[in-house]
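[1] here is the input, now give the coordinates:
(one chain, ligands or ions: 1)
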Amino acid sequence: MNMNAGTKSGTAAVPAETEVSERVEALLERMSLEEKIGQLTQASGAVWTAGESAEDIIRKGGAGSVLWLNDTKRFNELQKIAVEESPSGIPVLFALDVIHGYRTIFPVPLAMAASWDPAAAEQAQAVAAREARAAGIHWTFGPMLDIARDARWGRIVEGAGEDPCLGAAMAAAQVRGFQGDDLSDPERVLACAKHFAGYGASEGGRDYDPVHLSEAQLRNVYFPPFQAALKAGVATFMSAYMDLNNVPASGNCWLLRDVLREEWGFAGFLVSDAFGVGNLVVEGFARDGRDAALRALKAGVNVDMASATYSENLAGLVESDLISVGEIDEMVRPILATKVQMGLFERPYVDETLLEEVVARPEHRQAARLAAQRSMVLLRNEGGLLPLSKEQKNIAVIGPLADSMVATEGSWMVFGHKPGAVTVLQGIRARLPEANVAYAPGPKIYRDFPHPFGEFDTAAKEPIQTPEAAEAAFQTAVATARGADVVIMVLGEEADMAGEFASRGSLDLPGRQDELLQAVTALGKPVVLVLLNGRPLSINWAAENVPAILEAWEPGTEGGHAVADILFGDVNPGGKLPVCFPRSGSHAPLYYARTLTHLPESSPRYLSRYWDSPTTPLYPFGFGLSYTTFAIANLKVSASQIKVGQTVAVTADVTNTGPVTGDEVVQLYIHQQWGSDSRPMRELKGFARVTLQPGETKPVRFSLGPDELSYWSTNAKGWIQDAAAFDIWIGSDSLATLHADLEVIQ
Ligand code: BGC
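    Below you'll find the predicted structure:
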């Protein structure tokens with residue numbers, strides 16, 4: 001067995017496939033059944049099994065991986081026990097949710113998707129991986145790849161939005177960023193494609209609720225990001241919590257075996273979501289823990305995350321001949337193989353001095369600032385109010401999120417993370433040190449039901465504001481705005497209002513924020529609204545009455561600087577929405593790629609699908625403004641007619657017709673006019689973010705071939721490409737009008 005130690009920072013040579021499997025088989029030969037089950041057990045570092053210490057569990061080889069522990073020194077202590085005292089000396093994988101940064105926090109994934117810049121997302125996750133690995137973490141539970149078309153669902157913040165094409169590009173980029181192309185790279189972590197699959201379609205947008213999706217929807221919409229992650233080499237998958245078409249994802253043989261392994265050839269390992277195996281009982285699927293362990297293992301769940309259902313039941317199931325040792329070995333194999341490929345046996349420990357050196361690298365903060373700048377979306381700019389002049393002398397910054405580090409960093413800041421973001425207030429003060437920048441938060445905002453994971457939140461909990469104190473804060477905010485020449489309102493949602501267990505029925509600005517916005521706007525001053533939020537918000541009043549609106553999302557450590565860069569014109573915003581913004585929470589789910597109805601929008605009789613409000617989105621998918629203007633012209637398709645299986649080139653020219661350098665995201669949409677199945681009225685099939693100097697023109701080129709023109713058909717029960725007519729549009733959002741025809745014949 002090759003046990004050569006790799007250098008501290010160097011990459012150990014990737015072992016050949018045969019060498020990996022020889023080492024795995026040698027390990028399996030000497031491991032006891034208990035140790036094998038240990039590899040299939042992920043222990044919680046936060047709450048260890050009652051009665052047993054972490055040391056004891058690891059000493060007997062009872063945990064192949066540990067999650068919810070974030071302590072470099074402790075990693076080494078536990079690893080030493082695993083390596084030196086456990087029977088087969090197999091190192092432990094330490095896993096944690098590093099979703100959008102470890103110490104240097106990047107914009108939340110929904111925001112990164114708004115950059116329409118996969119390279120920026122890759123760079124962000126590469127920095128996150130480097131920092132997390134320096135802290136001793138080997139495995140992150142990301143990227144989250146759930147398509148989300150219901151803005152009420154809190155976890156929309158963790159993914160790339162509503163579209164499979166954009167979602168797939170972001171998925172692959174994040175996997176490359178986390179993992180690189182070599183599992184033994186000591187600056188990378190294992191990625192995990194989660195939550196497989198369909199979690200984003202929970203009924204009513206209520207977190208964890210059941211999902212009913214047709215096979216066509218799964219394959220055409222919900223699976224593509226997972227397939228892209230797999231193609232990019234993702235090492236692990238996580239099964240979703242919820243019930244999918246009456247079979248919970250973690251006990252779903254069709255999903256985890258037939259599709260993922262047999263059809264797609266996934267050869268890595270799959271972990272359940274937290275307590276997901278044990279919860280097969282709670283969900284009314286398994287009779288008891290023993291049945292849950294049996295069904296999850298048979299379905300293809302390699303690792304039981306935190307429920308201890310495998311450790312309690314698998315040995316008994318083997319004894320009763322319900323599971324064979326061969327089946328256990330099959331589940332253990334990819335876990336051991338991954339540990340070998342990572343070089344974990346040669347380099348099990350982390351250098352405890354590394355993290356501080358790594359997080360101090362200036363390029364990490366630069367990357368975070370660039371990512372935040374690229375993710376922000378200009379939603380409105382009447383009369384060119386933005387950018388503001390840097391000569392401003394008297395500014396008021398108003399709102400409950402204006403100086404909130406927690407809201408600026410966003411969701412998934414748990415496990416001992418200390419907030420350290422530059423807030424919008426700080427960013428503005430730093431940009432204009434000479435100006436008088438007054439600040440008033442206004443009334444605080446709260447969830448009606450507290451977050452159940454509050455116990456992990458280390459930020460000090462303040463007492464709830466009384467209505468009288470809120471009123472006083474409201475009046476102070478209005479008075480502060482009255483004294484300024486320009487007002488910047490920073491409104492939106494607190495970090496715990498989006499994310500897991502953070503669904504909501506309304507998409508309005510919570511609390512008294514809209515009221516405050518109206519009172520301040522009534523003063524007649526120029527008002528800029530900066531939104532900090534992790535989901536679309538129905539800002540209907542602002543959309544008509546506030547001249548300038550910047551969607552800044554939850555922008556991370558450098559968020560405040562990035563907002564100031566954009567407000568004062570050092571950076572021209574170029575992000576685009578990765579989701580529709582509905583006019584009301586009751587309009588969700590709302591997305592652009594719907595199929596046509598018998599009374600489509602183009603019909604003369606069409607008014608709205610609701611009689612009490614327009615059903616069009618407040619802002620469409622793909623939308624975003626700039627400080628300059630663009631023209632997209634010369635749409636050409638290389639052939640007006642092709643045969644099934646052939647490919648055409650679609651080209652156009654994009655010109656910066658305005659006064660400053662800027663970025664346009666050119667988007668290609670198609671519509672198949674008829675076919676075996678009805679197809680969405682528009683589908684994104686390509687995009688390119690292009691930087692242009694004033695007056696500059698650049699060509700963009702996309703191709704449309706079988707990959708873009710095929711789909712999984714309900715009627716044909718399989719993948720097909722129809723001979724049919726297609727519309728093609730190129731433009732700057734999902735309402736693009738520049739059109740061409742394409743005919744596909746047999
Ligand atoms: C979440 C997962 C996460 C896991 C581990 C679960 O509650 O659904 O996304 O990776 O916890 O923290």
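[2] what residues are up against the residue of the stretch 1-150 of the chain found nearest the ligand?
    Closest residue of the stretch 1-150 of the chain to the ligand, Cβ to the nearest ligand atom: residue 141 (3.3 Å). Where C-beta positions appear, they are placed from N, C-alpha and C, glycine not excepted. Contact analysis of residue 141 by Cβ atoms under 8 Å, 6 or more residues apart in numbering lists 67, 95-99, 192, 194, 238.
[3] any idea how far residue 511 is from residue 482?
    Counting by Cβ to Cβ, to the nearest Å, the gap from residue 482 to residue 511 is 21 Å.
[4] the two: which has the busier surroundings?
    Here residue 482 and residue 511 are compared on neighbour count by other Cβ atoms under 10 Å; more neighbours surround residue 511, at 19 against 13.
[5] now do the more buried one against residue 335, distance only.
    Residue 511 is 47 Å from residue 335, by Cβ to Cβ.
[6] and residue 292, by the same measure?
    20 Å.
[7] neighbour count: those two, which is higher?
    Each of residue 292 and residue 335 has its neighbours counted (other Cβ under 10 Å); residue 292 has more, 31 against 23.
[8] quick one: average pLDDT of the helix or strand hosting that one?
    Assigned by DSSP states H and E, residue 292 falls within helix 289-299. On average, the pLDDT along helix 289-299 is 98.
[9] give me the helices and strands touching the very next helix or strand once past that helix, please.
    Next helix or strand after helix 289-299 toward the C-terminus (DSSP H and E): strand 304-305. Counting contacts by 3 or more Cβ pairs under 8 Å, 6 or more residues apart in numbering; DSSP states H and E, strand 304-305 packs against strand 41-44.
[10] list the buried residues for the next helix or strand along the chain from the strand it packs on?
    Heading C-terminal from strand 41-44, the first helix or strand you meet, by DSSP H and E, is helix 54-59. Within helix 54-59, the residues that qualify as buried are 54, 57-59, counting by 16 or more other Cβ atoms under 10 Å.
[11] who are the contact partners of residue 344?
    91, 93, 138.
[12] leaving out sequence neighbours, find the closest residue to the first one.
    Nearest non-adjacent residue to residue 91, counting by Cβ to Cβ, 6 or more residues apart in numbering: residue 348, 4.1 Å away.
[13] in which helix or strand would I find residue 561?
    helix 559-567.
[14] can you list the domains in the chain?
    Using automatic domain parsing, the domains assigned to the chain come out as 1-96+325-360, 241-323, 363-587, 630-745.
[15] helix or strand for the one residue in the stretch 601-746 of the chain that gets nearest to the ligand, which one?
    Residue of the stretch 601-746 of the chain nearest the ligand, by Cβ to the nearest ligand atom: residue 621 (24.8 Å). Residue 621 is part of no helix or strand when elements are defined by DSSP H and E.
[16] residues touching it, list them.
    Residue 621 neighbours (Cβ under 8 Å, 6+ apart): 161-163, 577-580, 591-592, 684, 733-734.
[17] against which helices or strands is the helix or strand of the chain with the lowest mean pLDDT packed?
    Among the helical and strand segments of the chain, the one scoring lowest on mean pLDDT, DSSP states H and E is helix 54-59, with a mean of 93. If contacts are counted by 3+ Cβ pairs under 8 Å, 6+ apart, helix 54-59 sits against strand 41-44, helix 72-85.
[18] how about the closest residue in space to residue 411 that isn't next to it in sequence, what does it touch?
    Nearest non-adjacent residue to residue 411, counting by Cβ to Cβ, 6+ apart: residue 499, 3.5 Å away. Taking Cβ under 8 Å, 6+ apart, we find residue 499 in contact with 154-155, 157-158, 411-412, 534.
[19] residue 690 in helix, strand or coil?
    Using DSSP: H, G, I helix; E, B strand; the rest coil, the structure places residue 690 in strand.
[20] how many other residues sit next to the one residue in the stretch 501-650 of the chain that gets nearest to the ligand?
    Residue of the stretch 501-650 of the chain nearest the ligand, by Cβ to the nearest ligand atom: residue 501 (8.3 Å). The tally of other residues near residue 501 (other Cβ under 10 Å) stands at 14.
[21] distance of it from residue 222?
    On the measure of Cβ to Cβ, residue 501 and residue 222 end up 21 Å apart.
[22] what of residue 163?
    In terms of Cβ to Cβ, residue 163 sits 11 Å off from residue 222.
[23] joint contacts of those two?
    Joint contacts of residue 163 and residue 222 (Cβ under 8 Å, 6+ apart) are residue 147.
[24] which one's more surrounded, the two?
    residue 163 (27 against 24).
[25] for the closest residue to that one other than its chain neighbours, which three-state class applies?
    Once flanking residues are discounted, residue 163 sits nearest to residue 684: 5.4 Å by Cβ to Cβ, 6+ apart. Assigned by three-state DSSP, the conformation of residue 684 is strand.
[26] need the pLDDT of residue 684.
    Model confidence at residue 684 (pLDDT) stands at 99.
[27] isn't it right up against residue 734?
    Yes: between residue 684 and residue 734 there is a contact at 7.4 Å, judged by Cβ atoms under 8 Å.
[28] quick one: common contacting residues for these two?
    621-622, 667, 669.
[29] so how far does stretch 521-540 reach from one end to the other?
    Stretch 521-540 stretches 14 Å from its first residue to its last (Cα to Cα, to the nearest Å).
[30] for it, which positions count as buried?
    Per 16+ other Cβ under 10 Å, stretch 521-540 contains these buried residues: 521, 526-540.
[31] what's the answer for stretch 316-323, then?
    Neighbour-count burial for stretch 316-323 [16+ other Cβ under 10 Å]: 317-318, 322-323.
[32] can you give me the end-to-end span of that stretch?
    First-to-last residue span, stretch 316-323, Cα to Cα: 9 Å.
[33] next one: stretch 450-463
    13 Å.
[34] repeat that for stretch 228-246.
    Termini of stretch 228-246 sit 26 Å apart (Cα to Cα).
[35] also stretch 510-529?
    Start-to-end, stretch 510-529 (Cα to Cα) is 15 Å.
[36] now do that stretch: distance to the chain's middle.
    31 Å (Cα atoms, centre = their mean, to the nearest Å).
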